Each structure stands twice: as structure tokens, then as C-alpha cells.
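> Here is the input, now give the coordinates:
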Amino acid sequence: MRTPVPGGFAFFFGAVLAAAMTFGLVAAGARSQPVLSVVGLVAVVDLIAVIGTASATLATAALCWCLHSGFVLGRLGELTFSAKSGHDALVLAGCALGGILLVSTLRAAAAPLHEREYDKNVPAIPEQRAPRALTPAG
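Residues are numbered from 1 along each chain as shown. Prediction:
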């Protein structure tokens, strides 16, 4: 996998995507079906997990919950603290942590061998000895 986008840029990208997703879903009527907002924001969090760093992913998940709680469950950006918003916060946090775990595993598996050759936990292929050339006895 490629190296992740720096955290500051990835969070900014996630914030713009989350705001656009929330705006579009509220305009489409997601207030009557808040699960649509959660699904859309989970997609944003997972995208940032793939292209960004772990800290950018967690910050994006927190921002997504604030946008969801303030504009989908609440009105005019006023955060709501209810059982539904708590459940949605757990869903977003779980998806963020799951995405971070999956992407970090994939990045570690895709690392070139020269970066992993000194890791004692990675099995290594023993060095093959070249056969000696036969020299005539003289």
C-alpha cells in the first residue's frame, strides 16, 4: 500500500467530505431516517482510514458524530446527547478503530521485505549456500 496522506491534510479532507455528506443527506431528508446519515458518515471515516493516519481517522470520526448529532438528530448544530446519539457514536468509533486495524495490518503486510528482514517475528528463509566448484586434483 502507499504511504498515508499526512494527518493534517487527511483530517481536512475528511472534514470537508463529512460536511458535504451531512449537508447532502439533510437536504435529501435524512432526518426522518438517521441511519442513512450514519452509513454515509461511516463511509467517510473508512475512506480516511484508508488514505490517512490513525489520528486523522479518529478526529474525523469525532467530527462526523458532531455533525450527525448536531444536524441530523438535532437542529441548527445543537448537539443532542441521547441513547440514539450514543449508539451512533459507538458505531462511528467502532468503524474507525476497525478501519485503523485493517489498514495497519494491510500496510504491514505490504511492506517490502528489506523493511521487515530484521523483525524477529517474521519467519525468514534461510540463506542458500552455493555449491563449490570442483577443482581437479593435481
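> Need the per-residue pLDDT for the residue positioned nearest the centre of the chain.
The centroid of the chain falls nearest to Ala49 when counting by CA atoms, centre = their mean (1.5 Å). Note for Ala49: predicted pLDDT of 93.
> Name the residues that touch stretch 6-17?
4-5, 44-45, 47-48, 51-53, 55-57, 59-60, 63-64 (CB atoms under 8 Å, 6 or more residues apart in numbering). Placement of C-beta: from N, CA and C, glycine included.
> and what of stretch 85-92?
34, 38, 41-42, 45, 61, 64-65, 68-69, 73, 79.
> what about Glu78, which SS state?
coil (DSSP: H, G, I helix; E, B strand; the rest coil).
> what about Leu63, neighbour count?
Residues lying near Leu63 (other CB atoms under 10 Å) number 20.
> Could you do Pro131 as well?
The burial count for Pro131: 6, using other CB under 10 Å.
> List the contacts of it.
No contacts exist for Pro131 under CB under 8 Å, 6+ apart.
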